[in-house]
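1. fold the following for me, if possible:
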Amino acid sequence: MTRRTPLFGWLVADVASLTGTRVSMIAIPWFVLTTTGSATQTGLVAAAEMAPLVLMKALGGPIIDRLGARRVTLTCDALSTIVVGLIPLLHLAGLLGFPVLLMLVALAGALRGPGDASKYALVPQIAEMAGVPLERVTGLQGAIERTAAFAGAAFAGVLVALVGPANALLVDAASFAVSGVALAATTRGLGRPERTVQSDSSYVTDLREGWRFLRSDPVLVGICLMVSVTNLLDQAYTVVLVPVWAHDSGRGAAAVGVLFAVFSAASIGGSVLAAAFAERLPRFRVYVVAFLLCGAPRFVALALDSPMWLILGTAVVGGFASGFLNPVLGAVIYERITPHLTGRVTSLNTALCWSLMPLGGLLGGALIAGVGLSPALLLVGAAYFVATMAPTAGPRFRAMDRPPPTRPVLTPEHADPALVDA
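-> Next up, the predicted model:
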């Protein structure tokens, strides 16, 4: 096994995992709609998956740090293969009632939360083993994620159309198996616990230790708050604002697909370049310029009912700029975390970043109902600008340009009292 074998195996696992996720995003709602005909039940299934996913992302960190990231992700992949595979098998056997479906989808979400978190907790060790900068690994991951968003959805749509949603879920189940096998074969010796868990250390104590660490770092706090708000606004943009714009402007559903495809394709190019060069660039300046280009302009272009060529041009520029964000922010996050807290802090960070996303559709709908489409787009664009630029007002946020010094583990005895819950 060469030094870079774990990196290649991890990337293969990530491709399989993200492709399976895109399949389930289309297959499960379509399966529910075609078998029940109920939009309400479809929404319940979506909530049943998302709620335990976010919750277990937050709560799974201590388990990852205690057992090791590799062991947790392999276990979750194996169990997910079984759980997701049961959905089509029970359906074919006539045993899949709606309560059973809810239970299986919720269990799949609960497994995916710590499974994804532990997979990404391997990144610092994989980068060190491969001898490559963190920006390169996070850049490659970003390129894979954006490629999956671009091509995975199309593949999932074709797959569901050809074999049906139930059979498509068998492919989703197989993706977990491929991910597990790739990691098991290529990451031996990685992802082990960074320390031996002490007998007097409880789960709650470990969870609080991760929370105190996260709260103690102003850069991590700034990134976490900013991403949680932008995820909320992006969700409103994706699921409500853009579809309503396409409908009201008469451009139709094709315009939605073209707009998102152009943005995703451009972001893939940005991610690839970031993987190669991001470690040489000043992170703070990249952050500011990228968000200025990929944030507010796309909302303004739609609000002003610009010509389609200008809207797509804005998508190209914004998508390309967005490709530089995940490599930079991911590297900043990983390098600021004490190794034995990686599972806890990254899990909490991701869960908090996702926490507002379920409200995005409600926000978009409420704004359109209250003030109309164009004002809603301008308001969300302005909020995006404030959310992304507000952290830059503090001098501490500029610390992302330099690696932090080695930090002691915060404990109740020496942590700043202002950062510790009463």
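
2. tell me where the stretch 301-422 of the chain has helices.
-> Under the criterion DSSP state H, counting those that start in this stretch, the stretch 301-422 of the chain contains helices at 308-322, 325-335, 342-354, 360-371, 373-389.

3. ok now the fourth one, how far from the chain's centre?
-> Chain-centre distance of helix 360-371: 23 Å, with Cα atoms, centre = their mean, to the nearest Å.

4. circling back to that earlier point, what's the closest of the helices of the stretch 301-422 of the chain to residue 213?
-> helix 342-354 (5.6 Å; Cβ to Cβ). From N, CA and C alone the C-beta is placed, and that goes for glycine too.

5. between helix 325-335 and the closest one, find me the angle.
-> Relative orientation of helix 342-354 versus helix 325-335 (axes from the mean of the first three to the mean of the last three Cα atoms, to 10 degrees): 140 degrees.

6. and helix 342-354, how far out from the chain middle?
-> The answer for helix 342-354 is 11 Å, by Cα atoms, centre = their mean.

7. what do you get for stretch 374-387?
-> Averaging C-alpha positions (Cα atoms, centre = their mean) puts stretch 374-387 22 Å from its chain's average.

8. buried ones in that stretch?
-> Within stretch 374-387, the residues scored as buried using 16 or more other Cβ atoms under 10 Å are 374, 376, 377, 378, 379, 380, 381, 383, 384, 385, 387.

9. so what touches that stretch?
-> 226, 229-230, 233, 236-237, 241, 245, 295-300, 302-305, 363-364, 367-368, 370-371 (Cβ atoms under 8 Å, 6 or more residues apart in numbering).

10. now do 6 Å
-> Applying Cβ atoms under 6 Å, 6 or more residues apart in numbering, the set of residues contacting stretch 374-387 from outside is 226, 229-230, 233, 236, 241, 295-296, 299-300, 302-303, 367-368.

11. over to stretch 164-171?
-> For stretch 164-171, using Cβ under 6 Å, 6+ apart, the contacting residues are 23, 27, 30, 31, 87, 88, 91, 159, 160.

12. what's the longest helix in this protein?
-> Secondary structure of the chain per DSSP state H: the longest helix is helix 5-36.

13. counting contacts, what elements does it pack onto?
-> On a contact count with 3 or more Cβ pairs under 6 Å, 6 or more residues apart in numbering; DSSP states H and E, helix 5-36 meets helix 39-59, helix 123-130, helix 134-147, helix 153-163, helix 165-186.

14. now with 8 Å, please.
-> Packing contacts for helix 5-36, counted by 3 or more Cβ pairs under 8 Å, 6 or more residues apart in numbering; DSSP states H and E, involve helix 39-59, helix 69-92, helix 98-121, helix 123-130, helix 134-147, helix 153-163, helix 165-186.

15. gap between the helix or strand following the first one and the chain center?
-> Right, helix 39-59. Using DSSP states H and E, the helix or strand that directly follows helix 39-59 along the chain is helix 61-67. Its chain's average C-alpha position is 20 Å from that of helix 61-67, according to Cα atoms, centre = their mean.
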